[in-house]
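>>> below: sequence and its predicted model.
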Amino acid sequence: MAINCGIVGLPNVGKSTIFSALSSTPAEAANYPFSTIVPNIGIVDVPDNRLTKLSEIFKPKRTIPATVEFVDISGLKKGSSQGEGLGNQFLSHIREVGVIAHIVRCFDDPDVVHVSDRIDPASDIEIINIELALADLATLAKRRERAEKALKNKSEQKTAETVLGILDRISPVLEDGKPIRSLQLTDEEKALIYDCHFITAKPQMYVCNVDEAGMKTVVSKGDIPYTQAVRKQAATEGCPVVVICGKFEAELGVIDDPAEKLAFLEEIGLTEPTLSSLINAAYGLLGLRTFFTTGEDECRAWTIHAGAPAPKAARAIHSDFEKGFIKADVYTCDDIFRYGTEAKIKEAGKYRIEGKEYIVQDGDVMFFKFNV
(Lines give C-alpha, C1' and ligand atoms only; values in the text may rest on other atoms or scores of the structure.)
Protein backbone atom coordinates (compact mmCIF):
# COMPACT_ATOMS: atom_id res chain seq x y z
CA MET A 1 0.00 0.00 0.00
CA ALA A 2 1.26 3.48 -0.88
CA ILE A 3 2.37 5.56 2.13
CA ASN A 4 0.29 8.61 1.34
CA CYS A 5 -3.16 10.12 1.81
CA GLY A 6 -5.24 11.50 -1.05
CA ILE A 7 -7.51 14.48 -0.39
CA VAL A 8 -10.71 14.10 -2.43
CA GLY A 9 -14.19 15.60 -2.62
CA LEU A 10 -16.47 17.69 -4.79
CA PRO A 11 -15.14 20.96 -6.22
CA ASN A 12 -15.09 23.97 -3.87
CA VAL A 13 -15.32 22.05 -0.61
CA GLY A 14 -11.99 23.40 0.67
CA LYS A 15 -9.55 20.66 -0.37
CA SER A 16 -6.77 22.96 -1.57
CA THR A 17 -7.21 25.29 1.41
CA ILE A 18 -6.81 22.36 3.79
CA PHE A 19 -3.85 21.01 1.80
CA SER A 20 -2.10 24.39 1.98
CA ALA A 21 -2.66 24.54 5.73
CA LEU A 22 -1.34 20.99 6.12
CA SER A 23 1.82 21.31 4.10
CA SER A 24 2.54 25.05 4.06
CA THR A 25 2.77 24.48 0.31
CA PRO A 26 0.64 27.01 -1.60
CA ALA A 27 -1.96 25.12 -3.63
CA GLU A 28 -4.17 26.75 -6.21
CA ALA A 29 -7.51 27.49 -4.57
CA ALA A 30 -10.14 29.18 -6.70
CA ASN A 31 -13.90 29.73 -6.77
CA TYR A 32 -14.46 27.46 -9.76
CA PRO A 33 -14.34 23.70 -10.34
CA PHE A 34 -11.17 21.76 -11.23
CA SER A 35 -8.66 24.43 -10.23
CA THR A 36 -6.27 21.61 -9.20
CA ILE A 37 -5.64 19.66 -12.40
CA VAL A 38 -2.19 18.28 -11.53
CA PRO A 39 -2.13 16.86 -7.98
CA ASN A 40 -0.17 18.85 -5.42
CA ILE A 41 2.03 16.78 -3.10
CA GLY A 42 3.11 17.82 0.38
CA ILE A 43 5.28 16.09 3.00
CA VAL A 44 3.76 16.78 6.41
CA ASP A 45 5.33 16.36 9.87
CA VAL A 46 3.38 14.04 12.16
CA PRO A 47 2.63 15.86 15.46
CA ASP A 48 3.87 13.75 18.37
CA ASN A 49 4.18 15.07 21.93
CA ARG A 50 6.36 12.07 22.78
CA LEU A 51 9.12 13.32 20.48
CA THR A 52 8.90 16.77 22.07
CA LYS A 53 9.31 15.26 25.55
CA LEU A 54 12.23 13.09 24.43
CA SER A 55 13.99 16.16 23.07
CA GLU A 56 13.45 17.97 26.38
CA ILE A 57 15.13 15.07 28.17
CA PHE A 58 18.06 14.43 25.80
CA LYS A 59 18.50 18.01 24.50
CA PRO A 60 19.79 16.87 21.08
CA LYS A 61 21.29 19.09 18.38
CA ARG A 62 18.30 18.36 16.16
CA THR A 63 14.86 16.80 16.39
CA ILE A 64 13.34 15.03 13.38
CA PRO A 65 9.66 14.03 13.33
CA ALA A 66 7.98 11.28 11.32
CA THR A 67 6.28 12.42 8.11
CA VAL A 68 3.32 11.47 5.95
CA GLU A 69 2.59 12.48 2.36
CA PHE A 70 -0.65 14.20 1.36
CA VAL A 71 -1.86 14.48 -2.23
CA ASP A 72 -4.37 17.19 -3.22
CA ILE A 73 -6.52 15.68 -5.99
CA SER A 74 -8.85 17.80 -8.10
CA GLY A 75 -12.58 17.82 -7.36
CA LEU A 76 -14.68 14.98 -8.66
CA LYS A 77 -18.24 15.47 -9.85
CA LYS A 78 -21.23 13.48 -11.01
CA GLY A 79 -20.14 11.66 -14.16
CA SER A 80 -16.43 11.56 -13.29
CA SER A 81 -16.40 7.78 -13.71
CA GLN A 82 -17.46 8.35 -17.34
CA GLY A 83 -14.81 11.02 -17.86
CA GLU A 84 -16.79 14.14 -16.91
CA GLY A 85 -14.55 16.99 -15.73
CA LEU A 86 -11.42 15.06 -16.69
CA GLY A 87 -12.70 12.44 -14.25
CA ASN A 88 -10.70 9.49 -15.57
CA GLN A 89 -7.45 11.39 -15.03
CA PHE A 90 -8.38 12.31 -11.47
CA LEU A 91 -9.61 8.81 -10.63
CA SER A 92 -6.23 7.43 -11.69
CA HIS A 93 -4.60 9.76 -9.17
CA ILE A 94 -6.82 8.37 -6.40
CA ARG A 95 -5.79 4.81 -7.28
CA GLU A 96 -2.19 5.73 -6.48
CA VAL A 97 -2.76 6.75 -2.85
CA GLY A 98 -2.87 4.54 0.23
CA VAL A 99 -5.82 6.07 2.08
CA ILE A 100 -8.48 8.66 1.29
CA ALA A 101 -9.46 11.80 3.17
CA HIS A 102 -12.91 12.69 1.83
CA ILE A 103 -13.48 16.41 2.43
CA VAL A 104 -17.14 17.32 2.91
CA ARG A 105 -18.38 20.90 2.85
CA CYS A 106 -20.17 21.68 6.11
CA PHE A 107 -20.44 25.46 5.92
CA ASP A 108 -22.61 28.09 4.26
CA ASP A 109 -20.98 30.82 2.17
CA PRO A 110 -22.84 32.49 -0.70
CA ASP A 111 -19.52 33.72 -2.09
CA VAL A 112 -18.25 30.17 -2.65
CA VAL A 113 -20.29 28.36 -5.29
CA HIS A 114 -21.43 24.78 -4.80
CA VAL A 115 -21.66 22.50 -7.82
CA SER A 116 -25.17 21.47 -6.77
CA ASP A 117 -26.22 25.01 -5.69
CA ARG A 118 -27.04 23.74 -2.18
CA ILE A 119 -25.20 22.49 0.88
CA ASP A 120 -26.16 18.87 1.53
CA PRO A 121 -23.35 16.74 2.99
CA ALA A 122 -25.27 13.45 2.66
CA SER A 123 -25.93 14.09 -1.03
CA ASP A 124 -22.35 15.22 -1.63
CA ILE A 125 -21.01 12.03 -0.04
CA GLU A 126 -23.38 9.90 -2.09
CA ILE A 127 -22.22 11.52 -5.36
CA ILE A 128 -18.56 10.80 -4.63
CA ASN A 129 -19.19 7.28 -3.32
CA ILE A 130 -21.28 6.34 -6.36
CA GLU A 131 -18.68 7.69 -8.78
CA LEU A 132 -15.91 5.75 -7.03
CA ALA A 133 -18.07 2.59 -7.02
CA LEU A 134 -18.79 3.01 -10.75
CA ALA A 135 -15.07 3.43 -11.44
CA ASP A 136 -14.38 0.22 -9.51
CA LEU A 137 -17.11 -1.60 -11.44
CA ALA A 138 -15.35 -0.70 -14.67
CA THR A 139 -12.08 -2.04 -13.24
CA LEU A 140 -13.87 -5.18 -12.05
CA ALA A 141 -15.25 -5.87 -15.53
CA LYS A 142 -11.74 -5.77 -17.02
CA ARG A 143 -10.37 -8.03 -14.26
CA ARG A 144 -13.22 -10.49 -14.75
CA GLU A 145 -12.43 -10.69 -18.47
CA ARG A 146 -8.80 -11.54 -17.72
CA ALA A 147 -9.79 -14.18 -15.14
CA GLU A 148 -12.24 -15.82 -17.56
CA LYS A 149 -9.49 -16.07 -20.18
CA ALA A 150 -7.17 -17.59 -17.57
CA LEU A 151 -9.70 -20.39 -16.98
CA LYS A 152 -8.57 -21.92 -20.27
CA ASN A 153 -5.02 -22.27 -18.96
CA LYS A 154 -4.69 -25.33 -16.73
CA SER A 155 -1.89 -23.86 -14.62
CA GLU A 156 -3.90 -20.69 -13.92
CA GLN A 157 -7.35 -22.27 -13.65
CA LYS A 158 -7.53 -22.66 -9.86
CA THR A 159 -6.40 -19.10 -9.14
CA ALA A 160 -8.76 -17.73 -11.80
CA GLU A 161 -11.70 -19.56 -10.23
CA THR A 162 -10.85 -18.07 -6.82
CA VAL A 163 -10.53 -14.58 -8.30
CA LEU A 164 -13.89 -14.89 -10.06
CA GLY A 165 -15.46 -15.97 -6.78
CA ILE A 166 -14.10 -12.84 -5.08
CA LEU A 167 -15.31 -10.62 -7.92
CA ASP A 168 -18.77 -12.21 -7.67
CA ARG A 169 -18.92 -11.12 -4.03
CA ILE A 170 -17.68 -7.61 -4.80
CA SER A 171 -19.92 -6.85 -7.78
CA PRO A 172 -23.31 -6.57 -5.98
CA VAL A 173 -21.75 -4.40 -3.28
CA LEU A 174 -20.46 -1.92 -5.85
CA GLU A 175 -23.73 -2.02 -7.79
CA ASP A 176 -25.43 -0.93 -4.57
CA GLY A 177 -23.06 2.06 -4.38
CA LYS A 178 -21.22 0.67 -1.37
CA PRO A 179 -17.43 0.42 -0.90
CA ILE A 180 -15.43 -2.78 -1.20
CA ARG A 181 -13.90 -2.11 2.23
CA SER A 182 -17.32 -2.94 3.72
CA LEU A 183 -16.68 -6.59 2.75
CA GLN A 184 -14.75 -8.88 5.08
CA LEU A 185 -12.03 -10.01 2.69
CA THR A 186 -9.10 -12.08 3.97
CA ASP A 187 -5.49 -10.99 3.42
CA GLU A 188 -5.14 -13.78 0.84
CA GLU A 189 -8.22 -12.57 -1.05
CA LYS A 190 -6.98 -8.98 -0.98
CA ALA A 191 -3.63 -10.12 -2.39
CA LEU A 192 -5.33 -11.91 -5.31
CA ILE A 193 -7.11 -8.73 -6.44
CA TYR A 194 -4.39 -6.26 -5.42
CA ASP A 195 -3.55 -5.62 -9.08
CA CYS A 196 -7.00 -4.05 -9.51
CA HIS A 197 -6.12 -1.16 -7.17
CA PHE A 198 -9.80 -0.78 -6.28
CA ILE A 199 -10.46 2.73 -5.00
CA THR A 200 -13.28 1.81 -2.60
CA ALA A 201 -11.12 -0.88 -0.99
CA LYS A 202 -8.84 1.82 0.42
CA PRO A 203 -9.25 2.94 4.05
CA GLN A 204 -11.12 6.25 4.22
CA MET A 205 -11.89 9.02 6.66
CA TYR A 206 -14.42 11.82 6.38
CA VAL A 207 -13.25 15.38 7.04
CA CYS A 208 -15.97 17.91 7.87
CA ASN A 209 -14.84 21.35 6.72
CA VAL A 210 -16.80 23.79 8.89
CA ASP A 211 -16.71 27.56 9.38
CA GLU A 212 -15.47 29.20 12.59
CA ALA A 213 -18.93 29.28 14.16
CA GLY A 214 -19.34 25.57 13.45
CA MET A 215 -15.89 24.84 14.90
CA LYS A 216 -16.73 26.69 18.11
CA THR A 217 -19.89 24.60 18.44
CA VAL A 218 -17.99 21.34 17.94
CA VAL A 219 -15.23 22.38 20.37
CA SER A 220 -17.87 23.06 23.03
CA LYS A 221 -18.96 19.40 22.66
CA GLY A 222 -21.88 20.27 20.44
CA ASP A 223 -22.60 19.47 16.81
CA ILE A 224 -24.25 21.07 13.80
CA PRO A 225 -26.70 19.43 11.35
CA TYR A 226 -24.08 19.26 8.59
CA THR A 227 -21.53 17.36 10.71
CA GLN A 228 -24.26 15.16 12.16
CA ALA A 229 -25.14 14.05 8.62
CA VAL A 230 -21.51 13.15 7.94
CA ARG A 231 -21.15 11.24 11.21
CA LYS A 232 -24.29 9.26 10.41
CA GLN A 233 -22.93 8.18 7.02
CA ALA A 234 -19.46 7.46 8.41
CA ALA A 235 -20.96 5.22 11.08
CA THR A 236 -22.54 2.99 8.42
CA GLU A 237 -19.11 2.55 6.80
CA GLY A 238 -17.03 2.33 9.96
CA CYS A 239 -14.97 5.37 8.90
CA PRO A 240 -13.43 7.89 11.31
CA VAL A 241 -14.56 11.53 11.21
CA VAL A 242 -12.40 14.62 11.72
CA VAL A 243 -13.87 18.12 12.03
CA ILE A 244 -11.71 21.09 11.04
CA CYS A 245 -12.09 24.66 9.87
CA GLY A 246 -9.88 24.84 6.81
CA LYS A 247 -10.02 28.63 6.52
CA PHE A 248 -9.04 29.09 10.17
CA GLU A 249 -6.20 26.55 9.91
CA ALA A 250 -4.85 28.26 6.78
CA GLU A 251 -4.82 31.62 8.59
CA LEU A 252 -3.22 30.01 11.64
CA GLY A 253 -0.49 28.49 9.49
CA VAL A 254 0.94 31.87 8.45
CA ILE A 255 1.38 33.05 12.06
CA ASP A 256 4.98 32.61 13.22
CA ASP A 257 4.83 34.03 16.75
CA PRO A 258 3.94 31.19 19.21
CA ALA A 259 2.12 33.53 21.62
CA GLU A 260 0.05 35.04 18.82
CA LYS A 261 -0.71 31.58 17.47
CA LEU A 262 -1.88 30.38 20.89
CA ALA A 263 -4.09 33.44 21.30
CA PHE A 264 -5.59 32.80 17.86
CA LEU A 265 -6.34 29.21 18.85
CA GLU A 266 -7.91 30.27 22.13
CA GLU A 267 -10.32 32.55 20.28
CA ILE A 268 -11.99 29.48 18.86
CA GLY A 269 -11.57 27.37 22.01
CA LEU A 270 -8.65 25.22 20.85
CA THR A 271 -5.30 24.41 22.43
CA GLU A 272 -3.68 22.98 19.28
CA PRO A 273 -4.41 22.95 15.53
CA THR A 274 -7.17 20.52 14.55
CA LEU A 275 -5.03 19.54 11.58
CA SER A 276 -3.11 17.38 14.07
CA SER A 277 -6.15 15.11 14.29
CA LEU A 278 -6.29 14.81 10.50
CA ILE A 279 -2.58 14.02 10.19
CA ASN A 280 -2.63 11.42 12.95
CA ALA A 281 -5.82 9.85 11.55
CA ALA A 282 -4.13 9.46 8.15
CA TYR A 283 -1.01 8.01 9.79
CA GLY A 284 -3.12 5.48 11.69
CA LEU A 285 -5.25 4.48 8.68
CA LEU A 286 -2.08 3.79 6.74
CA GLY A 287 -1.22 1.22 9.41
CA LEU A 288 1.90 3.13 10.44
CA ARG A 289 3.59 3.12 13.83
CA THR A 290 6.44 5.13 15.35
CA PHE A 291 9.60 4.14 17.17
CA PHE A 292 12.30 6.53 18.35
CA THR A 293 16.06 6.84 18.49
CA THR A 294 17.62 9.26 20.93
CA GLY A 295 20.97 10.80 21.77
CA GLU A 296 22.94 14.00 22.02
CA ASP A 297 23.10 14.48 18.25
CA GLU A 298 19.55 13.61 17.34
CA CYS A 299 16.13 12.58 18.60
CA ARG A 300 14.16 11.10 15.75
CA ALA A 301 10.80 9.48 15.06
CA TRP A 302 10.92 6.60 12.57
CA THR A 303 7.99 5.18 10.63
CA ILE A 304 7.27 1.44 10.35
CA HIS A 305 4.26 -0.69 9.48
CA ALA A 306 2.35 -2.18 12.38
CA GLY A 307 3.63 -5.67 13.12
CA ALA A 308 7.16 -5.04 11.81
CA PRO A 309 9.91 -7.11 13.50
CA ALA A 310 13.05 -5.45 14.86
CA PRO A 311 15.23 -6.02 11.73
CA LYS A 312 12.60 -4.32 9.53
CA ALA A 313 12.57 -1.38 11.93
CA ALA A 314 16.35 -1.27 11.73
CA ARG A 315 16.07 -1.07 7.94
CA ALA A 316 14.16 2.22 8.31
CA ILE A 317 17.46 3.69 9.51
CA HIS A 318 19.75 1.91 7.03
CA SER A 319 19.66 -1.32 5.02
CA ASP A 320 22.96 -2.38 6.65
CA PHE A 321 21.24 -2.33 10.04
CA GLU A 322 18.85 -5.01 8.81
CA LYS A 323 21.50 -7.12 7.06
CA GLY A 324 23.81 -7.23 10.06
CA PHE A 325 21.19 -7.08 12.80
CA ILE A 326 22.38 -8.62 16.09
CA LYS A 327 20.01 -7.27 18.73
CA ALA A 328 18.23 -4.14 19.91
CA ASP A 329 18.22 -2.38 23.26
CA VAL A 330 14.64 -1.32 23.93
CA TYR A 331 12.58 0.64 26.43
CA THR A 332 9.35 2.59 26.06
CA CYS A 333 8.65 6.30 25.98
CA ASP A 334 6.61 5.87 29.13
CA ASP A 335 9.66 4.37 30.84
CA ILE A 336 11.88 7.37 30.13
CA PHE A 337 9.11 9.82 31.00
CA ARG A 338 8.60 8.03 34.33
CA TYR A 339 12.21 7.39 35.36
CA GLY A 340 13.96 10.32 33.67
CA THR A 341 17.22 8.59 32.69
CA GLU A 342 18.30 5.37 31.00
CA ALA A 343 20.32 4.44 34.10
CA LYS A 344 17.19 4.52 36.25
CA ILE A 345 15.28 2.54 33.63
CA LYS A 346 17.93 -0.18 33.95
CA GLU A 347 17.72 -0.07 37.74
CA ALA A 348 13.96 -0.60 37.46
CA GLY A 349 14.51 -3.63 35.21
CA LYS A 350 12.70 -1.98 32.28
CA TYR A 351 15.67 -1.92 29.89
CA ARG A 352 15.36 -4.91 27.53
CA ILE A 353 17.45 -6.72 24.94
CA GLU A 354 15.35 -7.98 22.02
CA GLY A 355 16.22 -10.23 19.08
CA LYS A 356 15.10 -10.73 15.47
CA GLU A 357 11.64 -12.02 16.37
CA TYR A 358 10.67 -9.00 18.46
CA ILE A 359 7.66 -7.09 17.09
CA VAL A 360 8.33 -3.39 17.49
CA GLN A 361 5.67 -1.51 19.43
CA ASP A 362 4.47 2.04 18.88
CA GLY A 363 6.43 4.28 21.23
CA ASP A 364 9.49 2.04 21.60
CA VAL A 365 12.85 3.76 22.04
CA MET A 366 15.50 1.59 20.35
CA PHE A 367 19.26 1.27 19.93
CA PHE A 368 20.33 -1.26 17.29
CA LYS A 369 23.51 -3.33 17.35
CA PHE A 370 24.66 -4.78 14.04
CA ASN A 371 27.70 -6.17 12.26
CA VAL A 372 28.28 -6.00 8.50
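Right, received. Where do you want to start?
>>> going by C-alpha atoms from here, please, whenever you check contacts or count neighbours.
Fine.
>>> which SSE is residue 162 in?
Residue 162 is located in helix 154-175, with elements delineated by DSSP states H and E.
>>> residue 367 is in contact with residue 328, isn't it?
Yes - checked against C-alpha atoms under 8 Å, the pair residue 367 and residue 328 is within contact range at 5.5 Å.
>>> of those two, which one has the most company?
Using other C-alpha atoms under 10 Å, the more surrounded residue of residue 367 and residue 328 is residue 328, with 21 against 16.
>>> SS state for the more buried one?
Classification of residue 328 using DSSP: H, G, I helix; E, B strand; the rest coil returns strand.
>>> the one 10 residues further on now?
Secondary structure state of residue 338, per three-state DSSP, is helix.
>>> tell me how many other residues crowd it.
For residue 338, using other C-alpha under 10 Å, the count is 11.
>>> for it, what are its contacts?
Counting by C-alpha atoms under 8 Å, 6 or more residues apart in numbering, residue 338 makes contact with nothing.
>>> let's see the pLDDT reported for the residue most central in space within the chain.
Central residue of the chain (C-alpha atoms, centre = their mean): residue 282, 2.3 Å from the mean position. pLDDT, residue 282: 94.
>>> what of the one 5 residues further on?
At residue 287 the predicted local distance difference test score is 94.
>>> what sits against it?
305-306.
>>> hey, where'd the helices end up in the stretch 151-300 of the chain?
154-175, 187-192, 212-219, 225-237, 246-253, 258-268, 275-285 (DSSP state H, counting those that start in this stretch).
>>> let me have those helices in a markdown table, adding distance to residue 62 as columns.
Formatted as a markdown table, the helices of the stretch 151-300 of the chain follow (distance: least, C-alpha to C-alpha, whole Å):
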| stretch | distance to residue 62 |
| --- | --- |
| helix 154-175 | 49 |
| helix 187-192 | 40 |
| helix 212-219 | 34 |
| helix 225-237 | 40 |
| helix 246-253 | 22 |
| helix 258-268 | 20 |
| helix 275-285 | 22 |
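>>> I'd like to know which of those is closest to residue 50.
Among the helices of the stretch 151-300 of the chain, the nearest to residue 50 by C-alpha to C-alpha is helix 275-285 (13.3 Å).
>>> what's the angle from that closest one to helix 246-253?
Angle, helix 275-285 to helix 246-253, by axes from the mean of the first three to the mean of the last three C-alpha atoms, to 10 degrees: 110 degrees.
>>> now do helix 275-285: distance to the chain's middle.
In terms of C-alpha atoms, centre = their mean, to the nearest Å, the centre of helix 275-285 is found 6 Å from the chain centre.
>>> burial check on residue 168, number of neighbours?
So residue 168, with other C-alpha under 10 Å, has 13 neighbours.
>>> how about the one 3 residues further on?
By the measure other C-alpha under 10 Å, the count of residues near residue 171 is 17.
>>> next, the buried residues of the top helix by length along the chain.
Longest helix of the chain, by residue count under DSSP state H: helix 121-150. Judged by neighbour count using 16 or more other C-alpha atoms under 10 Å, the buried positions of helix 121-150 are 121-122, 124-125, 127-137, 140, 143-144, 147, 150.
>>> give the closest residue to the residue nearest to the centre of the chain in space, chain neighbours not counted.
Take residue 282 and drop its neighbours on the chain: the residue closest to it by C-alpha to C-alpha, 6 or more residues apart in numbering is residue 5, 6.4 Å away.
>>> wait, is the one you found part of a strand?
Yes - the assignment for residue 5 by three-state DSSP puts it in a strand.
>>> now do it against residue 355, distance only.
Using C-alpha to C-alpha, to the nearest Å, we find residue 5 at a distance of 33 Å from residue 355.
>>> between those two, which one's more packed in?
More crowded of residue 5 and residue 355, by other C-alpha under 10 Å: residue 5, with 26 against 14.
>>> measure that one to residue 280 for me?
Where residue 280 is concerned, residue 5 sits at a distance of 11 Å (C-alpha to C-alpha).
>>> residue 345 touches residue 351, doesn't it?
Yes - Residue 345 lies in contact with residue 351 (C-alpha under 8 Å); the separation is 5.8 Å.
>>> list the residues that contact both of the two?
Contacts common to residue 345 and residue 351, judged by C-alpha under 8 Å, 6+ apart, are residue 331.
>>> distance of the residue nearest to the centre of the chain relative to residue 368?
Distance from residue 282 to residue 368, by C-alpha to C-alpha: 28 Å.
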